[in-house]
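**Q** Need coordinates for the following:
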Amino acid sequence: MAARETTSAPRLQGGSFDPFRVVWTLLCNVKFALLLVGFAGFACVLGVLLPQVPTPMRGNPAARSAWLELQRQQYGPFTTLLDRFDLFDVFYAPWFYGLWALIVVAVTVCTVSRFRPTARAVHHPQRVVPDRYFDTAHHRADFSHRGGAEAVERALRRRRYSVERTKTEADVTYLFAERYPWATYGTFLSHLALLMLLIGGLFTVFAGFARVMVIAETAGAAPVFDRPGPNQMFIEVMDAYRGLDDQGNIVDYHSMIEVRRGTEVISCKTTVNDPCRAFGYRIHQAAWFNDLAKIRIIAPDGRIAFDQPLDFNNETTTVPYMAFTDLAGNVQYDGPLPQLATDGGLTDGREDDFALSVLGTLPDRDRSGTERRDYLVGWRIVEGELRVVVSGPDLAPRDLKPAEEVVVATGRLRYAGAAIIPAIQIDDMPGAPDGATVQMVQSSRGTALIISGVDDDNVELAAGAEYVSKDGYIYRFERPVEASGLDVRRDPGDVFIWVAVAMALVGLGITFYVPRRRLWVKVAGDRTYFAGIAERTTRLGPELRLMGRELGSPDALRPEDLE
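**A** Numbering: from 1, shown residues only. Predicted structure coming up:
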């Protein structure tokens, strides 16, 4: 019996699994990149549409919980779910940072993977193509002419092509020509610009610092950082300046400041566009304020109860702007009238309340012994309009409209219109157990501070004046104070961003405006064949046929080439 011949079956050898290659391929995938960018864009839209936790509450668990309870009124049971996925804090969520880090990695991998093919295409292009390519290329042309390959070479060089003879067979000559091959780097430069832009953004977010501070002229040095340490900086505003021209238009904002860190002090001037640079930080002028007043309050025992600028925090009240001219033509008052009292009206509601003030007048301010007359001015806002009523010893209640005036015994009263003055309620004012209201008025009589709630009557203090209350408190209004809003920032990513913008402009400019061309030429006797590579929207074929006409070809042009 013959022995049975056995053969072993071939082994199936699959390629070993390479996770690095799989991840690399995924990061280079265009669809995956579009998915990442789309998800990042969707996350940004959610961050805009959904309310976000205010910055001061982010580090305060109690305040954050109270804020979430307010959102529960709108989102109900979904509030907890939205908070769990950090959708109320999208732009600071760990997954949001991770998403952009993944985008940076993907762009980096894509950019790196493109470099070798790009460099190979620039420095080692394919110089020979099969003859069939001259019949199938998107950009191609053929025509007859005299002069052979030498004439073609001269014509190409006139058009700034570099020309190389690659092969000669019998009466057939092959040429390779290209123009601006380095323009291929334009797309690589654009990808690299995107990477630099993302890296700059990450540096700005994680290593940058930004804070806006409001510092008054006499407030002393203010710390920049919340936590003390050896790198703590202090900024003091020496002069907050606002320049006006002859017409009262603002022409300049700047501040003279001192920046101190340790024992080193830098004095400089900062403006909106020309910041002060100190210790690696830029300090811009961001705002200017003149609604502060330097007040000094001394308690009955001699202790200083308050000695700093009072910031009105942009709190204001609407009052009438009045002007009074006496019989001699002197302007005795020109400015807003502060509110001195309130008439509660006939009902308990506030709809019929009237704000009241008094304007004292003299028939002639330059003559002594003239009789003073006080006129009562009342106002309230009705349907968005300030309604003003004036009355006095010789004047029955009279409604005044803006720019309207009335003649009284001592001269002429004119209501110019509504004005806004700084006014703030202070609940813990020293010497005022029930709180006090402070107003600051700038008029033709100078700047005055009106304090209500200290004693039974209103206290009016001109700059430099003081008042002693019944309880022994001394109130002194030293002067109005100006303040600067300063934008302190350190942005290590701005260099990357500016470089990225420059690279993107250069890269896009090269890509769209540098005419990159690559040609393969076959010269067979008196007939020449061209095949080229260029952007699909480029009219390379007509360009080649026009060159054929210059070579004297009778059959190079087509009818559409002359359109």
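
**Q** what about stretch 362-374, average pLDDT?
**A** Model confidence over stretch 362-374 averages 82 on the pLDDT scale.

**Q** typo on my end, it should be stretch 25-41
**A** 88.

**Q** got it, and stretch 207-214?
**A** Stretch 207-214 carries an average pLDDT of 89.

**Q** Work out the gap between the helix or strand of the chain at the bottom of the mean pLDDT ranking and the centre of the chain.
**A** Within the chain, no helix or strand scores below helix 55-58, which has a mean of 78 by mean pLDDT, DSSP states H and E. On the basis of Cα atoms, centre = their mean, to the nearest Å, helix 55-58 is displaced by 20 Å from the centre of the chain it belongs to.

**Q** quick one: contacts of that helix?
**A** Under the contact criterion Cβ atoms under 8 Å, 6 or more residues apart in numbering, helix 55-58 has outside partners 63-64, 67, 89, 92. Just so you know, the C-beta spots here come from the backbone N, C-alpha and C atoms, and that holds for glycine as well.

**Q** try 10 Å
**A** Residues from elsewhere that reach helix 55-58 (Cβ atoms under 10 Å, 6 or more residues apart in numbering): 52, 63-68, 89, 92.

**Q** Put together TSV for these, with secondary structure, pLDDT and neighbour count on each row.
**A** Formatted as TSV, those follow (DSSP: H, G, I helix; E, B strand; the rest coil; pLDDT from 0 to 100; neighbours: other Cβ atoms under 10 Å):
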residue	secondary structure	pLDDT	neighbour count
Gln52	coil	91	16
Ala63	helix	85	14
Arg64	helix	87	17
Ser65	helix	89	10
Ala66	helix	88	11
Trp67	helix	89	17
Leu68	helix	90	17
Asp89	coil	91	17
Tyr92	helix	88	14
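
**Q** Around Leu449, count how many other residues there are.
**A** 26 (other Cβ atoms under 10 Å).

**Q** Make sure it is actually in contact with Thr437.
**A** No - look at Leu449 against Thr437 with Cβ atoms under 10 Å: they stay out of range, at 11.1 Å.

**Q** And whichever helix in the chain runs longest, what's buried?
**A** Ranked by residue count under DSSP state H, the longest helix found in the chain is helix 94-123. In terms of neighbour count (16 or more other Cβ atoms under 10 Å), helix 94-123 has its buried residues at 96, 99-100, 103-104, 106-111, 118, 122.

**Q** Just the C-alphas of whichever helix or strand comes after that helix, formatted as CSV.
**A** Once helix 94-123 ends, the next helix or strand along the chain (criterion: DSSP states H and E) is helix 133-136. Extracted as CSV, the C-alpha positions of helix 133-136 are listed here (Å, rounded to 0.1, in the frame of the first residue of the first chain):
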residue,chain,number,x,y,z
TYR,A,133,0.0,60.5,-19.7
PHE,A,134,0.3,63.0,-22.5
ASP,A,135,-3.2,61.9,-23.7
THR,A,136,-4.9,61.7,-20.3
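
**Q** What average pLDDT does helix 133-136 get?
**A** Here the average pLDDT along helix 133-136 is 93.

**Q** Please list the outside residues in contact with it.
**A** Helix 133-136 has contacts (Cβ under 10 Å, 6+ apart) with 130, 140-142, 520-522, 524, 528-531.

**Q** re the thing from before, in the contacts of helix 55-58, find the pair that's most separated.
**A** Spanning the widest gap among the contacts of helix 55-58 are Ala66 and Tyr92, at 18.7 Å by Cβ to Cβ.

**Q** Now stretch 122-129: average pLDDT?
**A** According to the model, stretch 122-129 has a mean pLDDT of 90.

**Q** cool, and stretch 150-168?
**A** Average pLDDT, stretch 150-168: 93.

**Q** how far is that stretch from where the chain is centred?
**A** 54 Å.

**Q** now swap in stretch 251-263 and tell me
**A** How far stretch 251-263 lies from its chain's middle: 22 Å, per Cα atoms, centre = their mean.

**Q** Format the CA atom coordinates belonging to it as CSV.
**A** Listed next in CSV are the C-alpha coordinates belonging to stretch 251-263 (Å, rounded to 0.1, in the frame of the first residue of the first chain):
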residue,chain,number,x,y,z
VAL,A,251,-8.6,113.8,23.1
ASP,A,252,-6.5,111.8,25.6
TYR,A,253,-6.5,109.3,28.4
HIS,A,254,-3.4,108.3,30.2
SER,A,255,-2.1,107.4,33.7
MET,A,256,1.2,107.9,35.4
ILE,A,257,1.7,104.8,37.5
GLU,A,258,4.3,103.1,39.7
VAL,A,259,4.7,99.4,39.6
ARG,A,260,6.5,97.7,42.5
ARG,A,261,7.8,94.2,43.1
GLY,A,262,9.9,93.7,46.1
THR,A,263,12.3,96.6,46.3
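
**Q** for Phe213, which residues make a bridge with it?
**A** Careful, residue 213 is Met; it's not Phe. On the basis of DSSP bridges, Met213 is bridged to Leu486.

**Q** shouldn't it be in contact with Val224?
**A** Yes - counting by Cβ under 10 Å, Met213 sits close enough to Val224 to count as a contact (7.2 Å).

**Q** Relative to Asn330, how far out is Gly411?
**A** To Asn330, Gly411 is 8 Å away according to Cβ to Cβ, to the nearest Å.

**Q** more neighbours, the two?
**A** Between Gly411 and Asn330, counting by other Cβ under 10 Å, Gly411 is the more crowded of the two (23 against 14).

**Q** can you count the residues close to Arg373?
**A** Arg373 sits with 18 neighbouring residues when counted by other Cβ under 10 Å.

**Q** What of Thr325?
**A** So Thr325, with other Cβ under 10 Å, has 18 neighbours.

**Q** and the helix or strand containing it, which strands flank it?
**A** According to DSSP H and E, Thr325 maps onto strand 316-326. Sheet pairing of strand 316-326 (DSSP bridges) gives strand 331-336 (antiparallel), strand 411-426 (antiparallel).

**Q** what about the last one, average pLDDT?
**A** Averaging the model's pLDDT scores along strand 411-426 yields 94.

**Q** Toward the C-terminus, what is the element adjacent to it?
**A** The helix or strand immediately downstream of strand 411-426 is strand 436-443, counting by DSSP H and E.

**Q** Tell me how this protein divides into domains.
**A** Annotated domains of the chain cover 19-106, 125-180+515-562, 209-295, 300-472 [automatic domain parsing].

**Q** Redo those as TSV? Include distance to Arg479.
**A** Below are those laid out as TSV (distance: least, Cβ to Cβ, whole Å):
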stretch	distance to Arg479
domain 19-106	32
domain 125-180+515-562	69
domain 209-295	5
domain 300-472	5
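
**Q** Ok, which of these comes nearest Trp498?
**A** Here domain 209-295 is closest among the domains of the chain (Cβ to Cβ), at 13.8 Å.

**Q** ok, Ala409 - how many residues close by?
**A** Neighbouring residues of Ala409 were enumerated by other Cβ under 10 Å; the total is 14.

**Q** Go ahead and confirm it touches Arg372.
**A** No - between Ala409 and Arg372 no contact is recorded; they are 11.1 Å apart, counting by Cβ under 10 Å.

**Q** who touches both of those two?
**A** Taking Cβ under 10 Å, 6+ apart as the contact rule, Ala409 and Arg372 both touch 361, 363.

**Q** Perfect, I'm done here.
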